[in-house]
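A.B. asks: the sequence isn't on hand, but the structure is:
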């Protein structure tokens, strides 16, 4: 079965950086787009970034553009989210997701989700 396991979350000060990692298994990783979503307390889950199967297409939400970078390693079945210049409003549970529409303008609804990793940005 599909498994997505996130790691790399934690507590960081404003302006700091974190790198999230997602280990995927149970499907042919290099055939599917991957994504990161996040959900802050009391808010709806929102799409942060997605990447196509061959890394040729990437999308970023306006709120993270220029600060976050998505990448993937098809040999290792992993997807990453490098988060720089973190702000308190980036505090959320971050979810790895698989098998969704991903274009430069938008991202769709994934078929598979990880369990999430907490990111807290606070001084």
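C.D. replies: Great, that's in hand. Everything numeric in this text was worked out from a predicted model, so none of it was measured. Numbering: from 1, shown residues only.
A.B. asks: dump the residue contacts of residue 84.
C.D. replies: Contacts for residue 84 (CB atoms under 8 Å, 6 or more residues apart in numbering) come out as 17, 67, 68, 69. Using the backbone N, CA and C atoms, a C-beta is placed for each residue, glycine as well.
A.B. asks: got JSON lines for these, with distance to residue 122, secondary structure and pLDDT too?
C.D. replies: Formatted as JSON lines, those follow (distance: CB to CB, whole Å; DSSP: H, G, I helix; E, B strand; the rest coil; pLDDT from 0 to 100):
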{"residue": "17", "distance to residue 122": "15", "secondary structure": "coil", "pLDDT": "98"}
{"residue": "67", "distance to residue 122": "17", "secondary structure": "coil", "pLDDT": "98"}
{"residue": "68", "distance to residue 122": "18", "secondary structure": "strand", "pLDDT": "98"}
{"residue": "69", "distance to residue 122": "23", "secondary structure": "strand", "pLDDT": "98"}
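A.B. asks: which of these count as buried?
C.D. replies: 68, 69 (16 or more other CB atoms under 10 Å).
A.B. asks: turn the contacts of residue 84 into a markdown table, columns for distance to residue 86.
C.D. replies: Listed next are the contacts of residue 84 as a markdown table, based on distance: CB to CB, whole Å:
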| residue | distance to residue 86 |
| --- | --- |
| 17 | 7 |
| 67 | 8 |
| 68 | 9 |
| 69 | 13 |
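A.B. asks: just name the closest of the contacts of residue 84 to residue 109, please.
C.D. replies: residue 68 (20.3 Å; CB to CB).
A.B. asks: for residue 90, see how far away the closest one is.
C.D. replies: 9 Å (CB to CB, to the nearest Å).
A.B. asks: overlap in contacts, these two.
C.D. replies: Residues touching both residue 68 and residue 90 (CB under 8 Å, 6+ apart) are residue 83.
A.B. asks: residue contacts, residue 26?
C.D. replies: 1, 2, 3.
A.B. asks: got the contact list for the one residue sitting closest to the centre of the chain?
C.D. replies: Taking CA atoms, centre = their mean, the centroid of the chain lies closest to residue 36, which sits 2.3 Å from it. When contacts are counted by CB under 8 Å, 6+ apart, residue 36 touches 20, 22, 47-50, 70, 79, 81, 94-97.
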